[in-house]
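Participant: sequence and predicted structure below; questions after.
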Amino acid sequence: MSDDDPDLPAGVARRDFGDGPALATRGESVYGEPTGDGWRRWDPHRSKLGATIEKGLDTGLSADASVLYLGAANGTTVSHVADVAGPTYAVEFAPRSARDLLGVCDTRSNLFPLLKDARKPETYAHVVEADLDVLVQDVATRGQARVAVENARFLADDGRLVLAVKARSEDVTAAPEAVFDEALADLREAYDVLARTPLEPYHDDHLAVVATPR
Amino acid sequence: MTEQTPAGDAGWFAGVERDDTDAAAAAIREGRADAPADWPERALDAGFAADADDYYDALHEATVAATRRAVREAESADDRQLVHAIRAMDDLASTTNELAERVAEWGGTLDDEPGTGVAYARDLAARDPETAAEERVVSLAARVVALADERDAEREFLERTVSTVAPNLASMAGPVLAARLIELAGGLESLAKMPSGTVQVLGAEDALFAHLRGNAPSPKHGVIYTHEYVRGTHPDERGSAARALAGKLTIGARIDHYAGDYRPEVEAELDERIETIRARRDDGGAK
């Protein structure tokens, strides 16, 4: 059961926590998630990146990958990323969320919290290194594609953007498809889109996009 | 080691000693660069760190320290918002009550079944006026309802904010008393720096100064009287209960200000202590 699953990034496995196989990573428990044998469950309902992996998209996440995570919030998802990857930079804008994020960082020396605005990469470019392998973005703000374009400067040429577009953050009244089309058009300014999928049933009105800098 | 990077193109570690976490945290917070670079390698070239692991350790310490400080500053600014919110809530409450009384008095002259308070105003506001006078009363009642709703909204905001700003204090004192203590102290930081004897009599300044002038007993409690643990304890033991409560609230305020995490064990200790104090009275009564 814990054997390497070829479809999953190294460090991520399917484990049984009592109700069938579920995604899991190895690390200190963070938010009361089920644990066993040093593994802890990665709930795709609580994590858009988890849902993206569950949907079978290749996120480029791997052992020792260097990662920039925009919109780290309370650190739920980024804790799993740091379990798997190498240097992980976690940008979050809200002080209250960042406080919880600090707790996650206590047990993960490869996780670097930054209380910064993801729309202003020049305020953290003196800290975050260049040529990163993965850029994960989950910010609930208008202009999500814009943010991804602005932050393309951190990615290596063969790096991956893993983006969750939240339709309701852009326009609550528009049809999600229209919002997604517009976001994809904006994204193509700096990226080639490799894959995309809606995140149902885990998250409504969210589109996961994997792209690489063009 | 001697290579100097031009300003605006420097990493966070430029000009920072490896062990100076304060300076590193400041550089993380205030620095900027147009483009990222291979900072780990540059830091090794500049002699900042011994190897990659050492660099990332330093980066971890610096980013955690910088974020912790920024979070604390942002959240201590929020306690000013609390002070305004609780004062607005008090003003709204007294204005609402005064106008509700006026509505009841006026409405009683026009209505066969007059009532009292905001509930009556709510009732009146929903009616269709028939005369010019009724029109005024109904309109006034509608204002009272709007003020009451605003008061409730302030309270909701207060409850949400106080459990963010001061989670330990809020969970022990309840959101309104927590906000009131912060208001009386003049901020969470001042509250955290107060001795618990002062916290115990916050809001009882008149009684305290009467005592200091020498013509009154010392007050046993200030606003913390509104807490169930004081009010619900037998008068003979209220002083002890107030002292115990004030002590734990002070500890809570200090954790909130200096650490910020929620620690349920402090509250558990308080529950236990109050139980002991109340049991003392029960034993005494049995003798």
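Facilitator: Yes, it's here.
Participant: how about the host helix or strand of B:Val266: buried residues?
Facilitator: B:Val266 belongs to helix B:264-286 when elements are defined using DSSP states H and E. Residues of helix B:264-286 classed as buried under the neighbour-count rule (16 or more other Cβ atoms under 10 Å in any protein chain shown) are B:266, B:270, B:273-274, B:277-278, B:281. (C-beta placed from N, C-alpha, C; glycine too.)
Participant: for chain A, longest strand please?
Facilitator: Selection of the longest strand in chain A by residue count, based on DSSP state E, yields strand A:155-166.
Participant: and that one, what does it pack onto?
Facilitator: Applying 3 or more Cβ pairs under 8 Å, 6 or more residues apart in numbering or on different chains; DSSP states H and E, one finds that strand A:155-166 makes contact with helix A:48-54, strand A:132-137, helix A:144-150, helix A:176-187, strand A:206-213.
Participant: dig out what A:Leu70 forms beta bridges with.
Facilitator: A:Val91, A:Gln137 (DSSP bridges).
Participant: B:Pro195: neighbour count?
Facilitator: Under the neighbour criterion other Cβ atoms under 10 Å in any protein chain shown, B:Pro195 is assigned a count of 10.
Participant: and chain B, which of its residues are near chain A?
Facilitator: Where chain B comes near chain A, counting by Cβ under 8 Å from any Cβ of the partner chain, the residues are B:10-12, B:27-29, B:31-40, B:56-57, B:59-60, B:63-64, B:66-68, B:70-71, B:74-75, B:164, B:260-261.
Participant: returning to that earlier point: parallel or antiparallel, list what pairs with the longest strand of chain A.
Facilitator: If you go by DSSP bridges, strand A:155-166 pairs up with strand A:132-137 (parallel), strand A:206-213 (antiparallel).
Participant: what's the weakest-modelled helix or strand in chain A?
Facilitator: Least confident helix or strand of chain A, by mean pLDDT, DSSP states H and E, is helix A:167-170 with a mean of 78.
Participant: for that one, give me every contacting residue.
Facilitator: A:139-144, A:174, A:176, A:179-180, A:182-183, A:205-207 (Cβ atoms under 8 Å, 6 or more residues apart in numbering or on different chains).
Participant: can we see that at 6 Å?
Facilitator: Helix A:167-170 is contacted by residues A:140, A:142, A:176, A:179, A:205 when judged by Cβ atoms under 6 Å, 6 or more residues apart in numbering or on different chains.
Participant: just the buried residues of these.
Facilitator: In these, burial by neighbour count holds for A:176, A:179, A:205, counting by 16+ other Cβ under 10 Å.
Participant: ok, of the residues you listed, which one's closest to A:Glu122?
Facilitator: Lowest distance from A:Glu122 to the buried ones among the contacts of helix A:167-170 (Cβ to Cβ) belongs to A:Val179, with 27.5 Å.
Participant: if I pick that closest one, what's in contact with it?
Facilitator: Counting by Cβ under 6 Å, 6+ apart, A:Val179 touches A:167, A:170-171.
Participant: now A:Arg15, what's its secondary structure?
Facilitator: In three-state terms, and counting by DSSP: H, G, I helix; E, B strand; the rest coil, A:Arg15 is strand.
Participant: find me the pLDDT at the nearest residue to B:Pro40 once chain neighbours are set aside, would you?
Facilitator: Leaving aside its chain neighbours, B:Pro40 sits nearest to B:Tyr55 (5.0 Å; criterion: Cβ to Cβ, 6 or more residues apart in numbering or on different chains). What the model reports for B:Tyr55 is a pLDDT of 96.
Participant: cool, B:Pro167 as well?
Facilitator: Model confidence at B:Pro167, given as pLDDT, is 85.
Participant: which residue sits closest to it in space, ignoring its chain neighbours?
Facilitator: Across the structure, with Cβ to Cβ, 6+ apart as the measure, the residue nearest B:Pro167 apart from its sequence neighbours is B:Tyr262 (4.2 Å).
Participant: tell me, how many residues neighbour that neighbour?
Facilitator: With neighbours defined by other Cβ under 10 Å, the count for B:Tyr262 comes to 16.
Participant: assumed it was part of a strand.
Facilitator: No - secondary structure of B:Tyr262, determined by three-state DSSP: coil, with no strand assignment.
Participant: that one and B:Asp256, how far apart?
Facilitator: 9 Å (Cβ to Cβ, to the nearest Å).
Participant: give me the element residue 102 is part of.
Facilitator: Let's take chain A. A:Leu102 is part of helix A:95-106 when elements are defined by DSSP H and E.
Participant: chain B is the one I meant
Facilitator: Secondary structure assignment for B:Arg102, by DSSP H and E: helix B:52-110.
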